[in-house]
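> sequence and predicted structure, then a few things I'm wondering about:
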Amino acid sequence: MEHSNVAEPAVPVADTVARSKVRYIILAMLFIVTAINVGDRATLSITGTALTQVLGIDSITLGYIFSAFAWAYVIGQLPGGWLLDKFGSARVYGTSLFLWSAITLAQGLIGFLSVPVAVVTLFALRFLLGLIEAPVYPANNRIVAAWFPLQERGLATVIYNSSMYLSVVLLAPLMGFIAHTYGWEHVYWFMGGLGILVSLVWFRLVKAPGDHPLVNSAELAHLKSGGAEVDMDKPKVAGAFKPRFSDLKVLLKSPMMWSIYLGKYCDTSLQYFFLTWFPIYLVKGRGLNIMEAGAIAAVPGVCGLLGALCGGAVCDYLLRRGVSLTVARKIPLVCGMSVGATLVLCNFTDSVWVVTLLMSLAIFGKGVVAVDWTLVSDTAPKQITGMAGGLFNMCGNISGIFTPIAIGYIVQTTGSFEGALYVVAGHALVGALAFLSMGTLRKLVLERT
């Protein structure tokens with residue numbers, strides 16, 4: 001039998017070796033840590049009714065304490081994004097997780113202080129919490145851009161974004177139970193301790209794709225061929241690109257980006273209503289106790305989770321079907337914001353169950369809009385993805401300053417939440433128009449002189 005001397009062409013390793021699936025482990029960690037992040041923000045909304053009695057504060061003061069987080073969160077966005085671009089996502093994120101968890105734990109100690117000192121300390125700790133949590137969502141976006149190809153990125157983005165609804169579904173009732181059974185301070189001790197433990201796991205599991213010991217060549221090839229920015233956090237060599245705040249002018253000169261930023265501002269207004277005043281609305285506006293409010297709040301939370309998964313799945317499906325990136329992003333964004341405005345109908349019913357249904361529908365729409373973080377990686381130059389994410393999140397979270405304070409004044413002066421719901425629903429409709437007007441999405445090119 002004759003043997004040919006001509007060698008058969010080599011089959012690429014990526015085609016013969018089963019791909020590892022480390023990116024799903026990374027996504028699971030993002031989901032868990034973001035759920036803890038949102039839960040730590042929501043601790044004050046769960047304990048707010050008890051604290052108003054313990055500290056003797058009114059709705060306006062509580063609104064300002066709610067907004068303390070957002071002031072610092074907005075201030076920290078651009079520095080946080082710069083830290084991510086300079087030092088890498090995994091290291092900055094893990095450090096942030098440990099520090100904000102320690103601050104959450106410390107909030108449970110204010111009961112040992114005199115009332116005036118406790119109020120000032122609580123405001124200061126909430127401010128620090130916002131400052132240290134600032135890199136979280138830009139880091140989430142950077143990690144997904146590094147670990148997921150373009151056609152998987154939409155669903156991956158909404159999965160980590162949907163973790164805010166896991167906080168509502170699981171952590172809010174749990175925190176309500178802890179507050180009702182053991183006392184409000186135990187909520188902070190539980191959430192802070194949980195975050196510190198998870199931070200230790202984070203440093204073991206989360207690394208850049210090229211540095212992760214569990215990633216094989218097949219998965220790495222899959223990421224690169226699909227447009228994942230796997231070298232985003234690669235150590236910089238001498239003379240390599242260094243991010244500067246002046247690089248943000250390419251974003252600030254774009255009308256497309258201003259429409260995106262306005263849409264994010266309006267979307268985040270809904271988020272802050274649900275994270276701050278919603279449980280208090282159920283207690284003071286609908287007559288429930290704190291444990292009942294936590295349980296009722298879980299129902300809309302499930303709908304928000306389903307909405308987020310739906311929005312990401314629709315985006316990725318449309319892209320696979322050949323629909324343009326612009327249309328695939330606009331459909332869930334515009335539809336989701338429009339549906340979010342339905343919460344205003346709660347003003348026209350006295351039924352707690354109808355309120356639950358309407359809030360569930362509104363938060364489903366809010367969940368669909370979770371795909372908006374893909375707009376950062378769709379449009380930002382990859383060299384400044386961290387700062388671009390920081391600017392995007394900064395514009396959104398300005399509403400975190402306005403919304404809690406505005407609601408506090410409305411509730412204090414009118415004795416009702418009706419006006420507050422009109423304000424939040426109005427933001428939702430303006431957000432739908434903003435996303436509709438953002439034009440054709442395109443990757444911006446960094447210009448340096």
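Great, that's in hand. Residues are numbered from 1 along each chain as shown.

> give the contact list for Ile36.
97, 101, 167, 191, 194-195, 198 (C-beta atoms under 8 Å, 6 or more residues apart in numbering). (Glycine included, C-beta is placed from N, CA and C.)

> wait, what's in contact with Lys443?
378-381 are the contacts of Lys443 under C-beta under 8 Å, 6+ apart.

> quick check: phi and psi on the residue lying closest to Ile405 once chain neighbours are set aside?
Once flanking residues are discounted, Ile405 sits nearest to Gly63: 4.6 Å by C-beta to C-beta, 6 or more residues apart in numbering. Torsion angles at Gly63 (phi, psi; degrees, to the nearest 10) stand at phi -60, psi -40.

> Asp58 and Ala370: what is the separation?
Using C-beta to C-beta, to the nearest Å, we find Asp58 at a distance of 34 Å from Ala370.

> these two: which is more packed in?
Ala370 (31 against 11; other C-beta atoms under 10 Å).

> how about the helices in the stretch 251-400 of the chain?
Remark: helices assigned in the stretch 251-400 of the chain by DSSP state H, counting those that start in this stretch are 255-272, 278-280, 290-320, 325-340, 352-368, 374-379, 385-397, 399-414.

> and those helices as a markdown table, adding mean pLDDT?
Formatted as a markdown table, the helices of the stretch 251-400 of the chain follow (pLDDT from 0 to 100):
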| stretch | mean pLDDT |
| --- | --- |
| helix 255-272 | 93 |
| helix 278-280 | 80 |
| helix 290-320 | 80 |
| helix 325-340 | 95 |
| helix 352-368 | 90 |
| helix 374-379 | 88 |
| helix 385-397 | 85 |
| helix 399-414 | 87 |
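
> list the buried residues for stretch 430-448?
430-432, 434-435, 437-438, 441, 444, 446 (16 or more other C-beta atoms under 10 Å).

> so for Leu83, which of the helices of the stretch 251-400 of the chain sits nearest?
helix 385-397 (7.6 Å; C-beta to C-beta).

> which of the buried residues of stretch 430-448 fall in helices?
Here DSSP state H is the test, and the buried residues of stretch 430-448 give 430-432, 434-435 as lying in helices.

> of those, closest to Gly176?
Gly431 (29.4 Å).

> show me what contacts the closest one?
Going by C-beta under 8 Å, 6+ apart, the list of residues near Gly431 reads 262-263, 265-267, 269, 337, 340, 369.

> turn the residues you listed into a markdown table, columns for distance to Leu30 and neighbour count.
As requested, those are exported to a markdown table (distance: C-beta to C-beta, whole Å; neighbours: other C-beta atoms under 10 Å):
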| residue | distance to Leu30 | neighbour count |
| --- | --- | --- |
| Leu262 | 26 | 19 |
| Gly263 | 23 | 27 |
| Tyr265 | 24 | 22 |
| Cys266 | 25 | 25 |
| Asp267 | 19 | 26 |
| Ser269 | 24 | 27 |
| Met337 | 24 | 28 |
| Gly340 | 24 | 32 |
| Val369 | 18 | 33 |
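
> which two among those residues are spaced furthest apart?
Comparing every pair within the contacts of Gly431 by C-beta to C-beta identifies Leu262 and Gly340 as the most remote, at 15.0 Å.

> now do stretch 102-111: distance from first to last residue.
17 Å (C-alpha to C-alpha, to the nearest Å).

> Leu441 and Thr276, how far apart?
From Leu441 to Thr276 the distance is 31 Å (C-beta to C-beta).

> now Ala172
12 Å.

> quick check: neighbours shared by the two?
With C-beta under 8 Å, 6+ apart, Ala172 and Thr276 have common neighbours Ala42.

> these two touch, right, Met29 and Lys207?
No. Contact criterion C-beta atoms under 8 Å: Met29 and Lys207 do not qualify, at 10.8 Å.

> Ser259: neighbour count?
With other C-beta under 10 Å as criterion, Ser259 counts 17.

> now swap in Arg321 and tell me
8.

> so what's Gly94 up against?
So Gly94 contacts 199, 202-203, 206 (C-beta under 8 Å, 6+ apart).

> and Trp71, what pLDDT?
For Trp71, the pLDDT comes out at 86.

> in which helix or strand does it reside?
Trp71 belongs to helix 59-87 when assigned by DSSP states H and E.

> list the helices and strands that helix packs on?
helix 22-55, helix 89-107, helix 115-133, helix 136-147, helix 385-397, helix 399-414 (3 or more C-beta pairs under 8 Å, 6 or more residues apart in numbering; DSSP states H and E).

> how does it look with 6 Å?
helix 115-133, helix 136-147, helix 385-397, helix 399-414 (3 or more C-beta pairs under 6 Å, 6 or more residues apart in numbering; DSSP states H and E).

> quick one: buried residues of that helix?
So for helix 59-87, counting by 16+ other C-beta under 10 Å, buried means 59-78, 80-85.

> follow-up on the earlier one: just the contacts of Ile36: which are in helices?
The helices, defined by DSSP H, take in 97, 101, 191, 194-195, 198 from these.

> out of those residues, what pair is the most spread apart?
Leu97 and Met191 (12.1 Å).

> how far away is the residue lying closest to Phe190 once chain neighbours are set aside from Val187?
Among residues not flanking Phe190 along the chain, Ile178 sits closest, at 5.9 Å (C-beta to C-beta, 6+ apart). With distances taken as C-beta to C-beta, Ile178 is found 5 Å from Val187.

> the more surrounded of these two?
Each of Ile178 and Val187 has its neighbours counted (other C-beta under 10 Å); Val187 has more, 27 against 22.

> ok, the more buried one - contacts?
43, 46-47, 175, 178-179 (C-beta atoms under 6 Å, 6 or more residues apart in numbering).

> what helix or strand is it located in?
Residue-wise, Val187 maps onto helix 185-205 under DSSP H and E.

> what mean pLDDT does that helix have?
94.

> pretty sure Gly408 contacts Ser59?
Yes. With contact defined as C-beta atoms under 6 Å, Gly408 reaches Ser59; the gap is 4.8 Å.

> name the residues of stretch 328-348 that come out as buried.
328-347.

> show me the contacts for Ser259.
By C-beta under 6 Å, 6+ apart, the neighbours of Ser259 are 434, 437-438.

> between those residues, which is nearest Ala139?
Met438 (24.1 Å).

> tell me the contacts of the closest one?
Contacts of Met438 by C-beta under 6 Å, 6+ apart are 256, 259-260.
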